[in-house]
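S.K.: fold the following.
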Amino acid sequence: MSDRFNTIAGWTLFAGIVALGAGIVGTKMFHQERPEPMGYAIQGVEAEGEGGGAAGPSLNTLLASADVAKGEKVFAKCMACHTIAQGGANGIGPNLYATVGEGIAEGKGGFAFSEALKKVGGKWTFEALDKWLTNPKGFADGTKMSFAGLGNPEDRANIIAYLNAQGSNLPLPAADAAPAPAEGANAAAGNEAAPAANAAEPEKK
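M.R.: Below you'll find the model as predicted:
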């Protein structure tokens, strides 16, 4: 009897040791810590803080509400190199009277424009002036103009409106129409409005 009991006890102890060993090995192989990094990247979705912010108003919209008086104040930055009065003399830069709508690098009493600006061609449209004022060297690589550019879109629109008022007087564009709301947004608005409408109906008895 005692031999049989000892045999059973021995096997039980052995099984316990095997189970304990398997648990230790399993813990080493499959640890419970959270994997790093967690999840996976979704193509086409920017992480928070990446990419640019929402686009601001268009140039047309900014020009439609541009302030000529504010543009004159911004133009004060340009007066070290430019005159703008009719018949004014060229300085370091050309006289800018009636510039809007004029050919790029043309006229201005024989001012010596850079070859880089001459190669651009076309006319000083509102769009071309906006690009030029944003980054002159980006607009005409090799330009002699050393001004770094105006980063504020409203400042650019105001100064373009001011330049336009000095002898050009071209009609400013109308503001762009506001974008239509997405179809999903309309549906969501309708779904939200329905419970409110139902709640407003008197209870029928």
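S.K.: low-confidence stretches in the protein?
M.R.: 1-54, 182-205 (pLDDT under 70).
S.K.: now do the helices in it.
M.R.: Using DSSP state H, the helices assigned to the chain run over residues 2-29, 59-64, 68-75, 115-120, 126-134, 136-139, 153-165, 183-200.
S.K.: which residues does residue 114 contact?
M.R.: By C-beta atoms under 8 Å, 6 or more residues apart in numbering, the residues touching residue 114 are 105, 140, 142, 143, 144, 145. Any C-beta I mention is one placed from the backbone N, CA and C, and that applies to glycine too.
S.K.: roughly how far apart are residue 137 and residue 153?
M.R.: Counting by C-beta to C-beta, to the nearest Å, the separation of residue 137 from residue 153 is 19 Å.
S.K.: that should have said residue 125, apologies.
M.R.: Distance, residue 125 to residue 153, using C-beta to C-beta: 16 Å.
S.K.: these two: which is more packed in?
M.R.: residue 153 (17 against 14; other C-beta atoms under 10 Å).
S.K.: residues touching that one, list them.
M.R.: Contacts for residue 153 (C-beta under 8 Å, 6+ apart) come out as 56, 57, 59, 62, 130.
S.K.: leaving out chain neighbours, which residue sits closest to residue 121?
M.R.: Of all residues not flanking residue 121 in the chain, residue 104 sits nearest, at 6.3 Å (C-beta to C-beta, 6 or more residues apart in numbering).
S.K.: residue 59 now?
M.R.: Spatial nearest neighbour of residue 59, excluding adjacent residues (C-beta to C-beta, 6+ apart): residue 130 at 5.3 Å.
S.K.: that neighbour against residue 159, yeah?
M.R.: No - using C-beta atoms under 8 Å, residue 130 is not in contact with residue 159, being 9.8 Å away.
S.K.: these two: who's more crowded?
M.R.: Between residue 130 and residue 159, counted using other C-beta under 10 Å, the more crowded position is residue 159 (25 against 19).
S.K.: surely that one meets residue 150?
M.R.: Yes - contact criterion C-beta under 8 Å: residue 159 and residue 150 qualify, at 7.2 Å.
S.K.: and the residue lying closest to residue 136 once chain neighbours are set aside, what does it touch?
M.R.: Excluding its sequence neighbours, the residue lying closest to residue 136 (C-beta to C-beta, 6+ apart) is residue 145, at 4.8 Å. When contacts are counted by C-beta under 8 Å, 6+ apart, residue 145 touches 81, 93, 114, 136, 137.
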